[in-house]
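Student: Model the following, please.
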Amino acid sequence: MGWPLVFATFILGIVLGYVGRTVISRNQDASHKGKALEQTKLELSQHKQEVTDHFEVHHKQLTEVTEQLSKMNKQWNDAASTLAPKSKVKPLATLNASDTDTEVTPSIAIDTLESESVIIVDQKN
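Tutor: Reported below is the predicted structural model:
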């Protein structure tokens with residue numbers, strides 16, 4: 001009668017060991033997943049900040065380019081009106097600082113361009 005009791009105790013030990021290992025591994029997995037979640041949230045917030053900084057820098061650069069383009073267009077218009085005062089060509093658009101936050105429409109619509117008024121710079125392309 002001793003062997004069935006030893007065999008039952010062995011089976012009970014295996015079952016209790018399996019249950020104990022499962023409970024412990026779940027607790028460790030939960031703490032590991034919590035740490036991974038916190039790390040992921042930190043990386044996401046850092047990425048959001050990097051993207052925000054990227055767009056701020058590019059907005060500043062585009063604002064500067066817009067101002068330079070506006071100055072160049074103004075100089076072009078002044079020179080065109082001085083050198084060819086009787087010309088019927090529309091002046092180039094000048095952009096104000098308040099125009100940079102909104103969508104800018106060109107002064108000449110694409111469909112109104114005639115093939116004679118278009119200059120092809122490089123015919124290879």
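
Student: Just give me how far the strand or helix carrying Gln28 sits from the chain centre.
Tutor: Taking DSSP states H and E as the criterion, Gln28 maps to helix 2-83. Put simply, helix 2-83 sits 14 Å off its chain's centre (Cα atoms, centre = their mean, to the nearest Å).

Student: which sections of this protein are below the confidence cut-off?
Tutor: Flagging of the chain using pLDDT under 70 yields the residue ranges 1, 97-125.

Student: ok, so what distance separates the residue most central in space within it from Ser45?
Tutor: Centrality entry for the chain: nearest residue to the mean C-alpha point is Val51, 5.9 Å, by Cα atoms, centre = their mean. According to Cβ to Cβ, to the nearest Å, Val51 and Ser45 sit 11 Å apart. In this view, the C-beta of every residue, glycine as well, is placed from N, C-alpha and C.

Student: do the same with Val65
Tutor: Counting by Cβ to Cβ - Val65 and Ser45 are separated by 31 Å.

Student: same thing with Val15?
Tutor: Taken as Cβ to Cβ, the span from Val15 to Ser45 is 45 Å.

Student: Ok, Ser70 next?
Tutor: Distance, Ser70 to Ser45, by Cβ to Cβ: 37 Å.

Student: Show me which of these two is the more surrounded one.
Tutor: Set Ser70 next to Ser45 and count neighbours by other Cβ atoms under 10 Å: Ser70 wins out with 18 against 10.

Student: how far away is the more buried one from Leu44?
Tutor: 38 Å.

Student: No further queries at this time; thank you.
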